[in-house]
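Visitor: sharing a model prediction with you, sequence too.
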Amino acid sequence: MLFSASLDVSNVWIERSDRDLCRDLSFTLRAGEVLRVLGDNGAGKSSLLKVVAGAMTPLEGRIMFNGQDVTSHRALLQQSMVYIGHGAGLKSMLTIEENLLSYCPATSPEQMQSVLDILDLANHQETYVKALSAGQSRRVALARLWLSQCPLWLLDEPFASLDVSGVAVVESKIQQHINEGGMVLLTTHQALSSVVTRDLVLS
Ligand SMILES: Nc1ncnc2c1ncn2[C@@H]1O[C@H](COP(=O)(O)OP(=O)(O)OP(=O)(O)O)[C@@H](O)[C@H]1O
């Protein structure tokens, strides 16, 4: 699939616990780009992602997607993005397959098998998510990315809990996504070894 999308965030002001996390923050994201949000613990990286995802409302600012103002019309953006926050967003009483189908109902059995193989979860297809390790749960959460066919990925610490092979799989999927014109906004405290990023530093 080839994507063509753009994100323009302008003059965002985010306040939390009576503290300004950012004021007048603007940035753009274009097809084929990865923007890495950096900053110390508590700087506001997760909050910024939540604002773009529509899970938090900024005091001021505008978010444009494909040239359309989605600041107060989040539905337009929701159908074009996948947001993976700190929590895996999985239902613990469902199996891996049931969880993925609840997000991506059009997934074919072949696609499901391929994703589980890539993530080294093929033997856990029927396992309930409550019985997975933190890294395995993270892998399931991230599998939504390449089943969803959405241009915009918002990833809060996507490599947390992943082992070396998990990090390599996710980096290669990010590279594939941007090669196809996708966009990635992510927070991470670690350098990406194979993907070129632009950096946005919150202080
Ligand atoms: N649920 C909340 N209610 C009130 N304040 C919060 C909440 N979550 C975070 N904060 C505050 O907002 C600020 C920014 O938090 P945020 O999680 O966005 O930072 P971060 O840069 O992602 O941090 P980290 O690198 O530790 O993950 C912090 O000062 C924190 O105390």
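Guide: Here it is on my side, so go on.
Visitor: now do the closest residue to Leu116 other than its chain neighbours against Ser102, distance only.
Guide: Excluding the flanking residues, the one nearest Leu116 by Cβ to Cβ, 6 or more residues apart in numbering is Ala122, at 4.6 Å. All C-beta atoms are positioned from the backbone trio N, CA, C, and that covers glycine. Ala122 is 20 Å from Ser102, where distance means Cβ to Cβ, to the nearest Å.
Visitor: so where do the helices sit in this structure?
Guide: Counting by DSSP state H, one finds helices in the chain at the ranges 45-53, 74-78, 96-103, 109-118, 134-148, 164-179.
Visitor: mean pLDDT lowest for which of these?
Guide: For those, mean pLDDT drops lowest on helix 74-78, to a mean of 87.
Visitor: do you know which of the helices of the chain lies nearest the ligand?
Guide: Evaluated over these, closeness to the ligand peaks at helix 45-53, with 3.3 Å, by Cβ to the nearest ligand atom.
Visitor: for that closest one, buried residues please.
Guide: Of the residues in helix 45-53, Lys45, Ser46, Ser47, Leu48, Leu49, Lys50, Val51, Val52, Ala53 count as buried by neighbour count, 16 or more other Cβ atoms under 10 Å.
Visitor: can I get those in JSON lines including distance to Asp18?
Guide: Formatted as JSON lines, the buried residues of helix 45-53 follow (distance: Cβ to Cβ, whole Å):
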{"residue": "Lys45", "distance to Asp18": "19"}
{"residue": "Ser46", "distance to Asp18": "18"}
{"residue": "Ser47", "distance to Asp18": "14"}
{"residue": "Leu48", "distance to Asp18": "18"}
{"residue": "Leu49", "distance to Asp18": "21"}
{"residue": "Lys50", "distance to Asp18": "18"}
{"residue": "Val51", "distance to Asp18": "17"}
{"residue": "Val52", "distance to Asp18": "22"}
{"residue": "Ala53", "distance to Asp18": "23"}
